[in-house]
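>>> How does the following fold in three dimensions:
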Amino acid sequence: MESTGLFFVVLGIVVVTVFIVVSIKSRTPMKTAVNLINQGKGEEALAILEQQVEEGNFEAAVMLAELCQVVNKDQQSDEKLTPAYWYSRAADLNEDFRSGYILLLQDGRLPNGEVWEGADDKLLQILSLDAQKGNIDAQLNLANFYSLRPSIENHKEKQFQWLSIAVESNEPKALSEYADYYYDQLDWESDDKQSELAVKARQAFKKAMLGGDSSAKERYAKMALFGLGGEQDILQAEQLLIEIAREEDDQFTYAELAERYLTGEELTQDIDKAHYWFTKAGEAEDINEYIAIKVAEFSIEHPQNDADLLEAKQTLETYSKQWQTQALTALGKMHERGLGVEVNLQKAAMHYQLAAMTKDPDVISHYQRVIEQLRGDEKKEVEIMVTRFKSSHPITQEQQSEIEYQYGHNLLTSDTASDKEKANAFTVMRRSALNGHYIAIHEMPHHAKRLGHDLESLVWDLIVAKTINSTFGHGKADEYRVEQALEKLSEKDRQWFDEQVADLLPKIDALV
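As a prediction, the model looks like this:
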């Protein structure tokens, strides 16, 4: 499984490789090698390319790696007949190629996309050499390497060792990652806001922020907001959050800041400021459906004029036809309370009933409140309206999976749902996960564990580690934890585990 980011890295290397093949026509030795290959004189071509590598030509090494892909696996006992050998030589000869190579090794792959068992060993070798030479990026990458691999003895100590070495440079990036080390260990429910961990994290974030590291700014702002590791400074935190929003110029960041002003839970409640930032979020050229609905919800509760209500209604109607349950709920509120429309309890009940398919307790409460106010014939009319809506707007597979996820999540996290309801909800959640729903996949280990399905929880732990968490080695720790647990299984349980993984993992991997 490859993330979008990884795909572009691989694509970039492929493009470079194509460029090499095109550009070598103007380079006599390389052109000669290509001609010899086309003439079937492979050994002579290889000799020329090897000589080019010895002279420092990384492009020749990449060509040799590509040529080795056609070599029979049985013949690859000779290291020089493996792609890995020549890709590594190319990485030694060219800094740009080396950077891309390291990224791919972190994902356990070679530049040709092939999974390579030796990736970790090679990555450790490269990073160690570069780190010892004082390369700060390598030192930070090496710290990250150890943090993700609990199978390595004293991995936490080695992680901190390289972080400590890197931070001696006072480079903002190093300071930020050093601060992250402490920040990630904070207990946010603790009453001790001035713990040693908090103080060290905040001090390092401050230095990184003042040095220009943008990633440190948000975490420092959060610590200032809650008075962690130093004095509470809501005004400074607010100024920093505004700076972040302006710098990122992103609809999600705008909406997040608007939400802070709207709720008043972190910043002082200010509806005018909330309106300003929601408006900024709504101006995005390619607006996300979640953001569009959030903006519309705000507009119906805090309209500046009738045009706001009309625009919000149009937005919510558009997304309700796509079975966005948040939009359905908001339309229910509009018709129940007469926000921009005449009060119509039947329409309100219809929208609430459709949204209640997810078993959201708040939506169910809205529906029950409204339906109790209707007469028998009005309730029948609501059922007809619901049937008509479903017929006119069929649910797509993607949205069905989203509704199933919400249904499963709401019941599985409910304090009032019966054991039977939770068992059924788990089946529904599982179906959503098998249809590729990202969050459902991620939550499956947790829900299986809570229901006492420890073995199935392990299956999903491994699936998560090898699919959605696999990029750049982030699933290594989970894989190690699963391996440790597997050693304690009976032969019968291990066989069931292996069969389930063999069946489910390819299906999930193909979807995500």
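>>> which residues in the stretch 201-350 of the chain form helices?
With DSSP state H, counting those that start in this stretch as the criterion, the stretch 201-350 of the chain has helices at 214-226, 234-248, 251-263, 271-282, 289-301, 306-320, 325-337, 345-355.
>>> so what secondary structure elements neighbour the first one?
Same thing as helix 214-226. The contact analysis (3 or more Cβ pairs under 8 Å, 6 or more residues apart in numbering; DSSP states H and E) places helix 214-226 against helix 172-183, helix 196-210, helix 234-248. Yep, even glycine has a C-beta here, placed from its N, CA and C like the rest.
>>> can you check the third one too?
Counting contacts by 3+ Cβ pairs under 8 Å, 6+ apart, helix 251-263 packs against helix 234-248, helix 271-282, helix 289-301.
>>> I'd like the ones you listed as TSV, with mean neighbour count and mean pLDDT appended.
Formatted as TSV, those follow (neighbours: other Cβ atoms under 10 Å; pLDDT from 0 to 100):
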stretch	mean neighbour count	mean pLDDT
helix 234-248	16	96
helix 271-282	19	97
helix 289-301	22	97
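>>> Take those and lay them out in JSON lines including distance to residue 34.
Shown next, in JSON lines, are the helices and strands packed on helix 251-263 (distance: least, Cβ to Cβ, whole Å):
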{"stretch": "helix 234-248", "distance to residue 34": "47"}
{"stretch": "helix 271-282", "distance to residue 34": "53"}
{"stretch": "helix 289-301", "distance to residue 34": "50"}
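>>> Based on its surroundings, how many neighbours for residue 269?
Counted by other Cβ atoms under 10 Å, the residues lying close to residue 269 total 13.
>>> wait, residue 394
For residue 394, the neighbour count with other Cβ under 10 Å is 9.
>>> if we can go back for a sec, quick check: which of the helices and strands packed on helix 214-226 is nearest to residue 446?
helix 172-183 (23.3 Å; Cβ to Cβ).
>>> Report the mean per-residue pLDDT for the closest one.
The pLDDT scores in helix 172-183 average 97.
>>> quick one, which of the helices and strands packed on helix 251-263 is nearest to residue 445?
helix 289-301 (25.1 Å).
>>> if we can go back for a sec, any chance of the helices of the stretch 201-350 of the chain in TSV, with distance to residue 60 too?
Shown next, in TSV, are those (distance: least, Cβ to Cβ, whole Å):
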stretch	distance to residue 60
helix 214-226	39
helix 234-248	43
helix 251-263	45
helix 271-282	51
helix 289-301	50
helix 306-320	55
helix 325-337	57
helix 345-355	62
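>>> Relative to residue 464, which of those is closest?
helix 289-301 (23.1 Å).
>>> could the helices and strands packed on helix 214-226 go into TSV alongside distance to residue 105?
Shown next, in TSV, are those (distance: least, Cβ to Cβ, whole Å):
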stretch	distance to residue 105
helix 172-183	19
helix 196-210	27
helix 234-248	30
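>>> Looking at the helices of the stretch 201-350 of the chain, which is nearest to residue 474?
Short answer: helix 214-226, nearest of these by Cβ to Cβ, at 17.2 Å.
>>> Please report how far residue 311 lies from residue 340.
Using Cβ to Cβ, to the nearest Å, one gets 10 Å for the distance from residue 311 to residue 340.
>>> Give me the neighbour count for residue 257.
Residues near residue 257, counting by other Cβ under 10 Å: 24.
>>> so what's it up against?
241-242, 245, 277 (Cβ atoms under 8 Å, 6 or more residues apart in numbering).
>>> ok, now with 10 Å
Contact analysis of residue 257 by Cβ atoms under 10 Å, 6 or more residues apart in numbering lists 238, 241-242, 244-246, 267, 273-274, 276-278, 280-281.
>>> With distance to residue 409 as extra columns, can I get the residues you listed in CSV?
Below are the contacts of residue 257 laid out as CSV (distance: Cβ to Cβ, whole Å):
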residue, distance to residue 409
238, 33
241, 29
242, 33
244, 30
245, 29
246, 35
267, 29
273, 32
274, 27
276, 33
277, 28
278, 26
280, 30
281, 25
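>>> what's the farthest-apart pair in these?
238 and 281, at 17.6 Å, using Cβ to Cβ across the contacts of residue 257.
>>> quick revisit: how about the helices and strands packed on helix 251-263, which one is nearest residue 133?
helix 234-248 (33.3 Å).
>>> out of the helices and strands packed on helix 251-263, nearest to residue 405?
helix 289-301 (14.4 Å).
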